[in-house]
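Peer 1: All I have is the shape, not the residue letters:
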């Protein structure tokens, strides 16, 4: 139903109010609104440009949902069409458009009403807005939504955070709208403040890592193994039946097997090797640094995107070094394809464990800092369906955190430790082959280094700390005595003892 102007008071009195509202009818918003209607809830929708509202209503009618979805041209009428407490999901571009939408809503909403931002928003903005609207008695939530266009329509993974008292009013709706898996809907209350937006941000960082690692596996098999596109598609299809079962592995098999409809060959081979990004991966890496949490796999994936953007420079560099005898990597003569495929499978699985471990540790550190009490096992559970990183082994991650909610790192969970030990030889073999041939595998390489670093009882950090003490009097601790110490390492370098260092720690 479309309302271009306010219905008459008589009509308004008779008309049942909608259970929820949604603003922002681009693809994600339109699909989510249809999902809500499809699950039996009445929904009012509004968009700044009315043509998108009309398109949403027409599509709802076409899908037999016209009675459940109403479109409004005027935001005042939109707000008036909602039952109290009013619940409004915003799916507009992050930043200023969100603030503008909130300003409009605040004119007509009343104390106790609820605003839910479903965009990829920076978590601190959510916390500021929560405090701002609270002055007018409104409740505010930031809700991560993952699953892309199809997920929004059929069932996404939802990560709502913010006002805890608001969640009970949206819970019956989001539990039906979310993806459903064997142990329930893919939604749970994440935590206060910007917790929902934050975990969605890190979810995207893990997604970056996943995609980088899969692309490296593809590169090794294609470049070093000489596998054809048909063989590559078959390999990923087979992998999707085992421990690597996931949405990203599944779509990779489809992409690799897709013929080009504009000419001979496969479409993937004609796509320019440059990857875009929208910021959530960068935010994740920045947060990891701020929290002093190592995230080398996720960082390598972000750097991989930045390096891919240097297309013209890479082409020029290839020519420069080609003239110096450094040719592009080629397949290994007499390579055992079956062995390579098995090694790459194990290396990919082991590296994925590292990527997820890093993401979970970022969330854990932030949760502790902000007292969010994020349930990491529950988070793994709601990522099992609907979202881009949905994967079979998320259930193993859920079990790991159920076994030990205070688990220091996924790497030392008994199940994953065993898997890493079983994969280690293949992991090293593949990494060595790629490095020797000049195939860059930064995600796999840095994942292996993360594993090796974490499992070493002693690192060469003692030398680094000695260097810091040498040039900056930063002091050091000893293995055989308590306290902090400083040494004037070489008097010929001048005094490095300009401060009292007995209690100094930097």
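Peer 2: Received the coordinates, thanks. If you're wondering where the values come from, they're calculated on a predicted model, not measured in any experiment.

Peer 1: wait, doesn't residue 346 sit right on residue 427?
Peer 2: Yes. Counting by Cβ atoms under 8 Å, residue 346 does reach residue 427; the two are 6.3 Å apart. Any C-beta I mention is one placed from the backbone N, CA and C, and that applies to glycine too.

Peer 1: What segments of the stretch 351-500 of the chain are helices?
Peer 2: 376-382, 394-403, 414-437, 442-454, 461-472 (DSSP state H, counting those that start in this stretch).

Peer 1: Generate a markdown table for those helices, with distance to residue 146 as supplementary columns.
Peer 2: Output for the helices of the stretch 351-500 of the chain, formatted as a markdown table (distance: least, Cβ to Cβ, whole Å):
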| stretch | distance to residue 146 |
| --- | --- |
| helix 376-382 | 9 |
| helix 394-403 | 13 |
| helix 414-437 | 23 |
| helix 442-454 | 21 |
| helix 461-472 | 37 |
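
Peer 1: Turn these into CSV, including distance to residue 215, mean pLDDT and mean neighbour count.
Peer 2: Formatted as CSV, the helices of the stretch 351-500 of the chain follow (distance: least, Cβ to Cβ, whole Å; pLDDT from 0 to 100; neighbours: other Cβ atoms under 10 Å):
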stretch, distance to residue 215, mean pLDDT, mean neighbour count
helix 376-382, 24, 97, 22
helix 394-403, 21, 97, 19
helix 414-437, 13, 98, 17
helix 442-454, 8, 98, 21
helix 461-472, 32, 94, 13
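
Peer 1: Among those helices, which comes closest to residue 298?
Peer 2: helix 442-454 (9.0 Å; Cβ to Cβ).

Peer 1: Report all helices and strands that that closest one contacts.
Peer 2: helix 195-219, helix 296-308, helix 337-370, helix 414-437 (3 or more Cβ pairs under 8 Å, 6 or more residues apart in numbering; DSSP states H and E).

Peer 1: ranking the ones you listed by burial, who's on top?
Peer 2: helix 195-219 (a mean of 26; mean count of other Cβ atoms under 10 Å).

Peer 1: by how many degrees do it and helix 337-370 diverge?
Peer 2: Interaxial angle, helix 195-219 versus helix 337-370 (axes from the mean of the first three to the mean of the last three Cα atoms, to 10 degrees): 160 degrees.

Peer 1: which element follows helix 195-219 toward the C-terminus?
Peer 2: helix 229-239 (DSSP states H and E).

Peer 1: May I see the buried residues of that next one?
Peer 2: 229, 231-237, 239 (16 or more other Cβ atoms under 10 Å).

Peer 1: got it, and stretch 53-62?
Peer 2: Neighbour count says stretch 53-62 has 53-54, 56-57, 59-60 buried, by 16+ other Cβ under 10 Å.

Peer 1: thinking again about what came up before, right, and the helices of the stretch 351-500 of the chain - which one's nearest residue 25?
Peer 2: Smallest distance to residue 25 across the helices of the stretch 351-500 of the chain (Cβ to Cβ): 25.6 Å, for helix 376-382.

Peer 1: For that closest one, name the packing helices and strands.
Peer 2: Counting contacts by 3+ Cβ pairs under 8 Å, 6+ apart, helix 376-382 packs against strand 157-162, helix 337-370, helix 394-403.

Peer 1: so where's the stretch 1-150 of the chain uncertain?
Peer 2: 1-14 (pLDDT under 70).

Peer 1: In the chain, which strand is the longest?
Peer 2: strand 139-146 (DSSP state E).

Peer 1: Name the nearest residue to residue 446, sequence neighbours excluded.
Peer 2: Excluding its sequence neighbours, the residue lying closest to residue 446 (Cβ to Cβ, 6 or more residues apart in numbering) is residue 296, at 4.1 Å.

Peer 1: and if you look at residue 218?
Peer 2: Residue nearest to residue 218 in three dimensions, not counting chain neighbours: residue 232, with 6.5 Å by Cβ to Cβ, 6+ apart.

Peer 1: Show the contacting residues for that neighbour.
Peer 2: Contacts for residue 232 (Cβ atoms under 8 Å, 6 or more residues apart in numbering) come out as 218, 221-222, 256.

Peer 1: between those, which is closest to residue 206?
Peer 2: For those, the nearest to residue 206 is residue 218 (18.8 Å; Cβ to Cβ).

Peer 1: that older thread, tabulate the helices and strands packed on helix 376-382 in a markdown table, adding columns for distance to residue 170.
Peer 2: Shown next, in a markdown table, are the helices and strands packed on helix 376-382 (distance: least, Cβ to Cβ, whole Å):
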| stretch | distance to residue 170 |
| --- | --- |
| strand 157-162 | 7 |
| helix 337-370 | 22 |
| helix 394-403 | 24 |
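
Peer 1: out of these, nearest to residue 77?
Peer 2: Taking Cβ to Cβ, strand 157-162 is the member of the helices and strands packed on helix 376-382 nearest to residue 77, at 26.5 Å.

Peer 1: And the average pLDDT for the closest one is what?
Peer 2: Strand 157-162 shows a mean pLDDT of 97.

Peer 1: Who are the packing partners of whichever helix or strand comes after that strand?
Peer 2: Using DSSP H and E, the next helix or strand after strand 157-162 towards the C-terminus is helix 164-177. Here helix 164-177 touches helix 27-38, strand 87-90, strand 114-117, strand 139-146, strand 157-162, strand 184-185, going by 3+ Cβ pairs under 8 Å, 6+ apart.

Peer 1: what about the helices and strands packed on helix 442-454, which gets the closest to residue 263?
Peer 2: Closest among the helices and strands packed on helix 442-454, once you apply Cβ to Cβ, is helix 195-219, at 21.5 Å.

Peer 1: For that closest one, which helices and strands make contact with it?
Peer 2: helix 123-134, strand 139-146, strand 157-162, helix 247-256, helix 280-290, helix 296-308, helix 337-370, helix 442-454.

Peer 1: Can you lay out those as JSON lines showing distance to residue 86?
Peer 2: Shown next, in JSON lines, are the helices and strands packed on helix 195-219 (distance: least, Cβ to Cβ, whole Å):
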{"stretch": "helix 123-134", "distance to residue 86": "12"}
{"stretch": "strand 139-146", "distance to residue 86": "10"}
{"stretch": "strand 157-162", "distance to residue 86": "16"}
{"stretch": "helix 247-256", "distance to residue 86": "34"}
{"stretch": "helix 280-290", "distance to residue 86": "29"}
{"stretch": "helix 296-308", "distance to residue 86": "38"}
{"stretch": "helix 337-370", "distance to residue 86": "28"}
{"stretch": "helix 442-454", "distance to residue 86": "45"}
